[in-house]
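**Q** coordinates only, sequence not included:
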């Protein structure tokens, strides 16, 4: 027998007593398939990251059990057919998982108003950086000693450039 863990979500349309009954039915389903349930705990109700079947909150239940690897595929299929489950995942149990205590926290979208206070607390102190050197040298500033070019002179210079070969003027 190998160790497995099952995490499933039950919608909040069920009362706490109904959720406990569903948990019992799932444990019975596992035992009927030849599994030995070691631990089953309700981790609490949380807001889901996205609605599932138009339900926004769910109760998370974590169950540890031992079973034969040959029965797991059938078990997974039978669990998927349960209407009261919104989602489930069935994985091999990591070593030492039974001793761990889990605490779930609600999902908060990173750019939402709920996350704003948390982002402000985590924001690092503002660092100052030296101004980056430009990739191309900037043109020399026009000095006050050079006379400003009139529009006529500018037009003549432009006409001269456009009449001649462009390669000559570069």
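**A** Arrived safely, thanks for sending. These figures come from a predicted structure and were not determined experimentally.
**Q** Show me what the lengthiest strand in the chain is packed up against.
**A** The longest strand of the chain (DSSP state E) is strand 36-52. When contacts are defined as 3 or more C-beta pairs under 8 Å, 6 or more residues apart in numbering; DSSP states H and E, strand 36-52 packs onto strand 2-11, helix 16-32, strand 55-67, strand 85-92. Using the backbone N, CA and C atoms, a C-beta is placed for each residue, glycine as well.
**Q** Please repeat the previous calculation with a cut-off of 6 Å.
**A** helix 16-32, strand 55-67 (3 or more C-beta pairs under 6 Å, 6 or more residues apart in numbering; DSSP states H and E).
**Q** Could I get these in JSON lines, plus columns for mean pLDDT?
**A** Converted to JSON lines, those look like this (pLDDT from 0 to 100):
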{"stretch": "helix 16-32", "mean pLDDT": "94"}
{"stretch": "strand 55-67", "mean pLDDT": "93"}
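**Q** now, of the ones you listed, which is deepest in the fold?
**A** strand 55-67 (a mean of 18; mean count of other C-beta atoms under 10 Å).
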